[in-house]
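**Q** Please find the sequence and the predicted model below.
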Amino acid sequence: MKKFSFGMLLLSVLGSLALSCTVKADFVGNLAVEIDGLKNTKGQVCLSLFANSQGFPSNGDRALKKQCVKITENPLLVKFDNIKAGSYAVVIYHDENGDKKFNRNGMGMPIEGFGFSQNPEVKASAPKFGDAVFMVAGPNTKIKIQLKYMG
C-alpha cells in the first residue's frame, strides 16, 4: 500500500512539473514599441515584427506581424499583443505619403524615416537580424526606436 501511495504521489508531482513547463514554454506577452524622432505627423508609421532573419528587414511578407498606425503624437506608442516568448526584431518606416511602401530616391537612398529595434548604427546597408534582436520574456516588454531620416 505504501509503494502505491508513493508512486501516485511521484506521478502527481511529475505531472504537475510537466504541466508547469508546458505553460512556461507557451508564455504569451505584449510588446510596446515607443517610436521617437518623427519629423512630422504626416501619414502613418508601419512596423514589421520578425521572429527570425528570414526576410529581415525588407520583406514584410515574411514578418510574423505587421501593422500601420496613424501618427497621433510624438513619441508614438504602438502595441503588438499575444507575442510568444522569444527573440524578435522590429523594422519601422515613416510612411509620410500613405502608400504603404518604403520610398527611396533614384539612387536607392531612403526618402522616408526608418528605424530598427536596438537602434543599430546604419551604414551602407540595413543591419542584420542579430543587430536588431531583443527578447520578449515577460508579460509586458517595451522597446524604444529612434527614427532616422537621410534627407
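**A** On my side now, so go ahead.
**Q** average pLDDT across stretch 41-53?
**A** The average of the pLDDT scores along stretch 41-53 is 97.
**Q** Tell me the spatial nearest neighbour of V28, not counting adjacent residues.
**A** Residue nearest to V28 in three dimensions, not counting chain neighbours: N82, with 5.1 Å by Cβ to Cβ, 6 or more residues apart in numbering. Using the backbone N, CA and C atoms, a C-beta is placed for each residue, glycine as well.
**Q** Roughly how far does F134 sit from G60?
**A** Here F134 is placed at a distance of 19 Å from G60 (Cβ to Cβ, to the nearest Å).
**Q** quick one: which of those two has more around it?
**A** A count of neighbours by other Cβ atoms under 10 Å puts G60 above the other of F134 and G60, at 19 against 14.
**Q** tell me which element the nearest residue to the more buried one once chain neighbours are set aside falls in.
**A** Leaving out its chain neighbours, the residue that sits closest to G60 by Cβ to Cβ, 6+ apart is S48, at 4.7 Å. If you go by DSSP states H and E, S48 is part of strand 44-50.
**Q** who touches stretch 109-122?
**A** The set of residues that contact stretch 109-122 without belonging to it, under Cβ atoms under 8 Å, 6 or more residues apart in numbering, is 33, 35, 37-39, 57, 88-97, 102-105, 126-127, 131-134, 143-151.
**Q** Can you give me the buried ones in that stretch?
**A** Of the residues in stretch 109-122, those buried under the neighbour-count criterion (16 or more other Cβ atoms under 10 Å) are P110, E112, G113, F114, G115, F116, S117, Q118, N119, P120.
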